[in-house]
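# when you get a sec, could you give me coordinates for this:
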Amino acid sequence: MVDEINRLPIDRPWVTIVFDVASRAVVGFHATLEAPSAASVAMALNMACLPKSKWLRSLAIDLDWPMHGIPEVLHLDNASEFHSEALRRGCERYGIWLDYRPHGQAYMGGHIERYLGTLMRRIHGVPGTTMSNVKARGRYQSEKRASLSLRELEAWLTLEIGGRYHYAVHRGLHMTPFAAWARALRKQPISSPEYPESDIVNNRIAIDYILELTSGVTGRIVELVRLSARCAMRRDSRTVTVDLLQEAGKEFAFDLGSERNVSH
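All right, here's what the predicted structure looks like:
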């Protein structure tokens, strides 16, 4: 990967995929420079559960990617990022059952493993690839040939998945994932999370010692505590958004992108 300003190589990305077994469709992904974690799993699930229209507009990409919705079951391997308390609580809140693959039964994840192999072969065609291992890379100079920023990789993945893969006939299904999704869903309603309400109040708050909000949310927090309501603060690291969750279940979203002071 390269940075967006100087186009200099920075690091290799990690990609988390949410995959629908019935249709073989990709319902969400998350690309990041950070190692797999509970946060990257949450971001991939966020994309999987919500409609893609806002995401596609942000990338200025015009394609049809209807796959979204709250899953009934998540089939997971035993990586540490899938055993976080945050994932358990989030899935419990939306009624999602966590089904972990038994140890030593790798074949039970065959669907996603085969797709990841297909995706990696496509990614290895992008300039700057590190290939699957040192032997495969040989004398290829990945850093010198790196060409995509993280945002450009997200656009590439969106076009690769939503513009090509979903419309290619799957050998196991004898139809495209797009057609298989439409057939499996038919006219059933799609359950997806509701967007929280927007609510801005005046005060200041610091996050991670580097983010200071000149018209932040401290006043609202004090009000919730005064009313003896439990609240949780969460942050979307991509857009600097903070949510407050009241005990009654009502959410308030604070879009803080224009309120940042990173001078610290």
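# element containing G28, please.
Assigned by DSSP states H and E, G28 falls within strand 26-32.
# got the contact list for that strand?
By C-beta atoms under 8 Å, 6 or more residues apart in numbering, the surrounding residues in contact with strand 26-32 are 13-20, 40-41, 43-49, 67-69, 71, 115, 150, 153-154, 157, 161-162, 165-166, 177. Any C-beta I mention is one placed from the backbone N, CA and C, and that applies to glycine too.
# give me the sheet partners of it and which way each runs.
strand 14-19 (antiparallel) (DSSP bridges).
# can you show me the helices along the stretch 1-150 of the chain?
With helices called from DSSP state H, counting those that start in this stretch, the stretch 1-150 of the chain shows them at 38-49, 53-58, 85-93, 110-123, 134-137, 142-145, 150-158.
# most tightly packed of those helices?
Stretch with highest mean neighbour count among the helices of the stretch 1-150 of the chain: helix 38-49 (a mean of 20; mean count of other C-beta atoms under 10 Å).
# what's the angle between it and helix 85-93?
For helix 38-49 against helix 85-93, the angle between stretch directions is 30 degrees (axes from the mean of the first three to the mean of the last three C-alpha atoms, to 10 degrees).
# quick one: list the elements packing against helix 38-49.
Under the contact definition 3 or more C-beta pairs under 8 Å, 6 or more residues apart in numbering; DSSP states H and E, helix 38-49 sits against strand 14-19, strand 26-32, helix 85-93.
# how about low-confidence regions in the stretch 51-200 of the chain?
104-109, 127-145, 194-200 (pLDDT under 70).
# quick one on the thing from earlier: closest one to A79 among the helices of the stretch 1-150 of the chain?
Checking these against A79 by C-beta to C-beta gives helix 38-49 as the closest, at 9.1 Å.
# list of residues touching stretch 37-46?
By C-beta under 8 Å, 6+ apart, the list of residues contacting stretch 37-46 from outside reads 14, 16-18, 28-30, 32, 34, 81-82, 84, 86-87, 90, 237-238.
# over to stretch 74-89?
Identification of contacts with stretch 74-89 by C-beta under 8 Å, 6+ apart yields 21, 36-38, 40-42, 91, 96-101, 103, 108-109, 112.
# one more pass at 10 Å, please.
16, 18-19, 21, 35-42, 45, 48, 90-91, 96-103, 105-106, 108-109, 111-113, 232, 234 (C-beta atoms under 10 Å, 6 or more residues apart in numbering).
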